[in-house]
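Undergrad: Okay, sequence plus prediction incoming.
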Amino acid sequence: MALSTEDIKKIAHLARIEVSDSDAASTLTKLTGILGLIEQMQAVDTAGIVPMSHSQDVVQRLRDDVVTKTNQREEFQKIAPVLGNGSTELAVDHGLYLVPKVIE
Amino acid sequence: MEWEVVIGLETHTQLQTNTKIFSGASTAFGAEPNTQACEVSIALPGVLPVLNKEAVNCAIKFGLAINAEIAPRSVFARKNYFYPDLPKGYQISQYELPVVGKGVVTIQVPAVGKNETYEKVINITRAHLEEDAGKSVHDLKSDGAVASMSGIDLNRAGTPLLEIVTEPDMRSAAEAVAYAKKLHELVQWIGICDGNMQEGSFRCDVNVSVRKKGSDKLGTRREIKNLNSFKFMTQAIEYETRWQIETLEDGGTIQQATVLFNPDTGETRAMRSKEEANDYRYFPDPDLLPLEITEADKVRVKAQMPELPEAMKARFEAQFGLTGYDAAALTASRELADYFVATVGAGAEAKPAANWLMGAISAKLNAEEKPLADSPVGAVQLAGLLNRITDNTISNNAAKQVFEAMWNGEGEVDAIIEAKGLKQVSDTGAIEAILDEVLAANAAMVEEFKAGKEKAFNALVGQAMKASKGKANPAQVNELLKKKLGA
Amino acid sequence: MINRSLKTLSQMLAEKQISSVELTQTFLNRIDALNPIINAYIALDKEKTLAQAKAADARIAAGNAEPLTGIPIAQKDIFCAKGWQTTCGSKMLANFIAPYDAHVITQFDAVGAVNLGKTNMDEFAMGSSNETSYFGGVKNPWDFTRVPGGSSGGSAAAVAARLCAAATGTDTGGSIRQPASLCGFTGLKPTYGVVSRYGMIAFASSLDQAGPMAKSAEDCALMMNVMAGFDARDSTSLNREKEDYARNLNKPLQGLKIGLPKEFFAEGLDAGVAAVIETAIAEYKKLGAEIVEISLPNTGLSIPVYYVLAPAEASSNLSRYDGVRYGHRAEQYTDLMDMYCKSRAEGFGAEVKRRILIGTYVLSAGYYDAYYLKAQQIRRLIVQDFVEAFKQCDVIMGPAAPSTAFKAGEKVDDPVAMYLQDIYTISTNLAGLPGMSVPAGFSTGGDGKALPVGLQIIGNYFDEARMLNVAHQYQQVTDWHTRMPDLAAEGLA
């Protein structure tokens, strides 16, 4: 499966990573190499083999429905990112995290 | 050309748990922004999810309530997309192996233009556990540059949801709303959701498509997101249906889209944020292991569940001799059924209890727009009133006056009867004395009766009742009058 | 002092021959002198460190010390430690001060160990040379022109250069064992689920496992006694009874069956490394072990499988770094989409971005079955290979890495060549099995410098105590693990 720079841009957009045209070209070369490595899998007959997500065959443990967390907003918002676009303030306001206008 | 609308629903029910689905943060509604957003809720680096037992119990309850297969092993998957109210950049949901499989919900749909309903079975495709997202806030308190931004509150992020998906089985807004109402009642009945639609505890996404009648191919659907009132649901579906039909009749085509309903304009419009096609890249969440539900789990949960509406309806018919219609009406909500059972439990006869509950009490509640829980006349008081009818203390007519007084908070049944002097006269001597007076004063009527005019008898009864100020026991008046007239 | 075993240091502390403050200060002084060149540590906080040492001394004085009380430990910068800069080697988290403790940190705090600092690492643990770190490469103490391996390169250099008494690492595809091999010390990756991942910044959740990096098997056992244990906050943490990992150290190896997978000695293995491994195996024979030839036929597939599964999980795990709640946000952006794309493009380095893209691609619509599902199926085949192998032997041995430390810059532009560094280690991560690397000798590279070679020991599930025994017995008859790089030869005192 050969990738194109268009594919790279589409994947990068899905992953929300900006790539310039020159980045896309060099990324394409490296990704093509890696995908070549991965392609080796296609030679294996895996019909009927159950996919394996976890190495241990154990089931999910359940947690009691008891409140254990307290309000740590102040502490957590101390590490908020800087707002940017000229402002050096933290990207929080009245306890809310600030992001560019969300349009629904 | 005749068109048919095809509707399927996806309902997000917030489960009534103390804590979030994957963390010990509180789910209480209305807290200050981000004060219930723990390290897991805000997805700090390194945090991990652990599944809430109660959320699983809720899913099992729902599965049992709709006679669905409950998966012995289900899997949590990550649904990957970027959105500021989704802190991990993925939502933990279930994809290929949901906890609840196929089931059914039977609904009663009001027939158009008739005062009756028809029954329809809606097939449930699946129900799966997932986490809710946070909220975007658009009117910020600060001004300046900040005011043009959105604020993110993650208190709701991680609240447990059960997403219930139907087959595209509904053919009108009325059917869709009947299903939504039935589901709304059911999840409250089994105690897994508080049903509070204003607070977003019960939100419906409605998939609408249209096709030519007789066609067995589905049209392209548009999904109306996040309807949180039955009124809006009706309006939105009706608008959307009209819009799709008009578009097609004008030679246009329908593009698959996610739309929002605007209650102010009554219209739907496509969401801008969903314009691009999503590729959610679902895969099993490696931080969570398969959820195992055993037969023993199901037995344990079943023992905690209340009798289900269908079973209760059948029991009401068999045990109390109620009609199917009455039994269905009484089991339309858990509150109503509980009220009825409590009334009967306090000694009232079933049929009158049903009649009063669906008659006088419902009428009052409707008029005052009150829920049953706020009724000034409780089950025990109603039973007290009905018992006074049964034991001949008061007549049916007097009971209506007593009920009014009780509703207005004038006191208990017996005190009101006493205060208003509504006690029925059942003393033979007293009634005979009244009758003697009436017969003496209405000799003409007595003659008419004797001449064969049956109506005159009723007129005489009326006179006797009037003379007793309505307090005489009507049955006794009838009986004694007959005796006196030699009839 | 800096060469003493944890056991000896613990005794010296108990007998008040030295205080924890003195011991800690000794390492801090050494770090001051050497770290500017070696770059093993990203974050130091002497005030915090010495406060912990002081508290440890008080605890020792009060007579309720544990074996590691007062011992200075280097923590890989992948573990969140409250109040500490926790970067995961990334610009994305360059200013991130963790507001909570990872389970591993809590465990060390609970026994009164001293946190010496946060060690350098490949960005988000993605790399085999420590060259993807935003905070710069780390020098291999045996040869400053060479890499220490990765991703736990900072911890590796710190242990090798005696910049700590012991260190923690994490291993997703070999990130403890390959650097242990390249830097000449003992490193253990436990069975998946034995050490809680809570607070350990995720790379590939189904493969990540933390473990000790130390001077000997005995030291690793003492570290494991602190690190291992059930944690309800990690759904994949296994609820097993607490065990003493040092309990079997002194058992004789008579009758031990060692499996040698022929695939580990095939093409691609450096001849010098092969010779060292063969000598080590001969030593084991002398100790009474029996050698069995085994086969792990799907070894070659472990790299392709890993480079589907790990990037897939990583692409999703790293989505939380969006510049909204913490971490890097672009300075200039026009709208939400622009903020996301710029913050992530600026915050992540090239290798991390590559893996996110690979992961995004293999999970995307239309490719999932051909890549992700297929990889999960082959993962099962790889596990079955081990199940069969352990029917014939008690432990599996082979090289931990195909070569000795390579030159810095040699493989940075060739990701595929870099990925092949983990050919012998990745399959154990896929299987969730425990693996370790033990110093087994030296191989002389082209420029005449002797570079360490690690012997890999792979055990069955939960067989860490036996593996530590197997390594310890070897270390009783060899002295490779006591060798220390001659930093003077590198121009340092």
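TA: Received, thanks.
Undergrad: OK, contacts around residue C:114?
TA: When contacts are counted by Cβ atoms under 8 Å, 6 or more residues apart in numbering or on different chains, residue C:114 touches C:20, C:24, C:49, C:52, C:53, C:56, C:70, C:71, C:72, C:73. C-beta: built from backbone N, CA, C; applies to glycine.
Undergrad: where are the low-confidence patches of the stretch 151-300 of chain C?
TA: For the stretch 151-300 of chain C, no stretch has pLDDT under 70.
Undergrad: returning to that earlier point: between the contacts of residue C:114, which sits nearest residue B:434?
TA: Of all these, residue C:52 has the smallest distance to residue B:434: 100.4 Å, by Cβ to Cβ.
Undergrad: From chain A, how far out is that closest one?
TA: As for residue C:52, its distance to chain A is 21 Å (criterion: Cβ to the nearest Cβ, to the nearest Å).
Undergrad: what separates the helix or strand harbouring that residue from the chain centre, distance-wise?
TA: Residue C:52 belongs to helix C:46-61 when assigned by DSSP states H and E. Taking Cα atoms, centre = their mean, to the nearest Å, the mean C-alpha location of helix C:46-61 is offset from the chain mean by 26 Å.
Undergrad: Skip ahead from it and say which helix or strand is next.
TA: Following helix C:46-61 in sequence, per DSSP H and E, is strand C:72-76.
Undergrad: after that following strand comes which helix or strand?
TA: Of the helices and strands lying after strand C:72-76 in sequence (DSSP H and E), the nearest is helix C:103-110.
Undergrad: What is the subsequent helix or strand relative to that following helix?
TA: Scanning forward in sequence from helix C:103-110 by DSSP H and E, the next helix or strand is strand C:114-119.
Undergrad: Identify the residues contacting stretch C:327-336?
TA: Residues outside stretch C:327-336 that contact it (Cβ under 8 Å, 6+ apart) are A:81-85, A:91, A:99-102, B:84, C:91-96, C:321, C:323, C:338-339, C:342-343, C:346-347.
Undergrad: hmm, 7 Å instead?
TA: For stretch C:327-336, contacts defined as Cβ atoms under 7 Å, 6 or more residues apart in numbering or on different chains pick out A:81-82, A:84-85, A:91, A:99-100, A:102, B:84, C:91-93, C:96, C:321, C:323, C:339, C:342-343, C:346-347.
Undergrad: and the spatially closest residue to residue B:397 that is not a sequence neighbour, how far is that from chain A?
TA: Spatial nearest neighbour of residue B:397, excluding adjacent residues (Cβ to Cβ, 6 or more residues apart in numbering or on different chains): residue B:470 at 6.3 Å. Distance, residue B:470 to chain A, using Cβ to the nearest Cβ: 58 Å.
Undergrad: What does the pLDDT read for residue B:470?
TA: According to the prediction, residue B:470 has pLDDT 78.
Undergrad: my read: residue C:358 touches residue C:309, true?
TA: No. Using Cβ atoms under 7 Å, residue C:358 makes no contact with residue C:309, being 10.7 Å away.
Undergrad: and the residue nearest to residue B:397, how many residues sit next to it?
TA: Around residue B:470 there are 16 other residues, counting by other Cβ atoms under 10 Å in any protein chain shown.
Undergrad: can you pull the pLDDT of the residue nearest to residue A:69 when sequence neighbours are not counted?
TA: With sequence-adjacent residues excluded and distances taken as Cβ to Cβ, 6+ apart, residue A:69 is closest to residue B:38, at 3.8 Å. Residue B:38 carries a pLDDT value of 98.
Undergrad: is it fair to say residue B:38 lies in a helix?
TA: No. Under DSSP: H, G, I helix; E, B strand; the rest coil, residue B:38 falls outside any helix and is assigned coil.
Undergrad: residues in contact with residue 31?
TA: Using chain A. Residue A:31 is in contact with A:3, A:8, C:354, C:357, C:358, counting by Cβ under 7 Å, 6+ apart.
Undergrad: meant chain B, my bad for not saying
TA: Contacts for residue B:31 (Cβ under 7 Å, 6+ apart) come out as residue B:155.
Undergrad: And it, how close does it get to residue B:154?
TA: For residue B:31, the distance to residue B:154 equals 11 Å [Cβ to Cβ, to the nearest Å].
Undergrad: What of residue C:245?
TA: 40 Å.
Undergrad: try residue C:22
TA: Distance, residue C:22 to residue B:154, using Cβ to Cβ: 46 Å.
Undergrad: which one of those two has more residues nearby?
TA: Set side by side, residue C:22 and residue B:154 show more neighbours around residue B:154, with 29 against 15, by other Cβ under 10 Å.
Undergrad: Give me the pLDDT for the more buried one.
TA: Confidence score, pLDDT, at residue B:154: 98.
Undergrad: distance between the longest helix seen in chain A and the chain's centre?
TA: Assignment by DSSP state H gives helix A:21-39 as the longest helix of chain A. Distance, stretch centre to chain centre, for helix A:21-39: 19 Å (Cα atoms, centre = their mean).
Undergrad: Many thanks, have a good one.
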